[in-house]
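A.B. asks: Model the structure of this input:
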Amino acid sequence: MKHRGIVAFVVALLAAGATACDPANASNEIRTVHVTIHFSSFEPSVLDVAPGETVRFVVENADPIDHEFLIGDGQLQQVHEEGTEAYHPPRPGEMSVPARGTQVTTFTFAADAGSLIFGCHLPGHYAYGMRGEISIG
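C.D. replies: Just a heads-up that it's a prediction; the model follows:
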């Protein structure tokens, strides 16, 4: 009777350990990255992510003016630079960040993207250099 209890306990531990180490679970984890906007610049301005990784971006705007946080390739950045969308509700990889406010977006990086850019396209901000780079790989 005593041995059955010990065996059941060991089997439960092994099962729990196997689940915790399962590679499929590791890919489902969401990493949180904090980005601060100050003096119309992003900190950090360079990020590294793994292919297929999902990242939750918590973006804090310490400036007294509004900003944006838009993730995409050069073509997406150009579309937004020429676009007229004044406000971006939080959606994957795009959001407006009000003055002295904080917003959150989640983005999953494709395995074949290589690198992407995050930037702000309010008038003059991108030209001023308000952008950063995300390396995937």
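
A.B. asks: Give the residue spans of this protein that score low on pLDDT.
C.D. replies: 1-27 (pLDDT under 70).

A.B. asks: For it, which segments count as helices?
C.D. replies: 2-21, 23-27, 74-82, 125-128 (DSSP state H).

A.B. asks: Give the buried residues for the shortest one.
C.D. replies: Within helix 125-128, the residues scored as buried using 16 or more other CB atoms under 10 Å are 125, 126. Heads up, the C-betas are built off the backbone N, CA and C, glycines and all.

A.B. asks: List of residues touching it?
C.D. replies: Residues outside helix 125-128 that contact it (CB atoms under 8 Å, 6 or more residues apart in numbering) are 40, 67, 68, 77, 81, 119, 120.

A.B. asks: Count the residues that sit near the nearest residue to the third one once chain neighbours are set aside.
C.D. replies: When you say that, I think you mean residue 68. The shortest distance from residue 68 to any non-neighbouring residue, by CB to CB, 6 or more residues apart in numbering, is to residue 120 (4.4 Å). With neighbours defined by other CB atoms under 10 Å, the count for residue 120 comes to 25.

A.B. asks: Can you tell me how far residue 120 is from residue 52?
C.D. replies: Separation of residue 120 from residue 52 (CB to CB, to the nearest Å): 26 Å.

A.B. asks: residues contacting residue 132?
C.D. replies: 42, 44, 45, 46, 47, 117, 118, 119.

A.B. asks: how does it look with 7 Å?
C.D. replies: 42, 45, 46, 47, 118 (CB atoms under 7 Å, 6 or more residues apart in numbering).

A.B. asks: and those residues, which two are the farthest apart?
C.D. replies: 46 and 118 (10.2 Å; CB to CB).

A.B. asks: neighbour-wise, which of those two wins?
C.D. replies: residue 118 (24 against 9).

A.B. asks: Is residue 105 bridged to anything, and to what?
C.D. replies: residue 57 (DSSP bridges).

A.B. asks: Number of residues surrounding it?
C.D. replies: 20.

A.B. asks: so it sits right up against residue 96, yeah?
C.D. replies: No - look at residue 105 against residue 96 with CB atoms under 7 Å: they stay out of range, at 10.4 Å.

A.B. asks: and residue 113, what does it touch?
C.D. replies: Residue 113 touches residue 136, counting by CB under 7 Å, 6+ apart.
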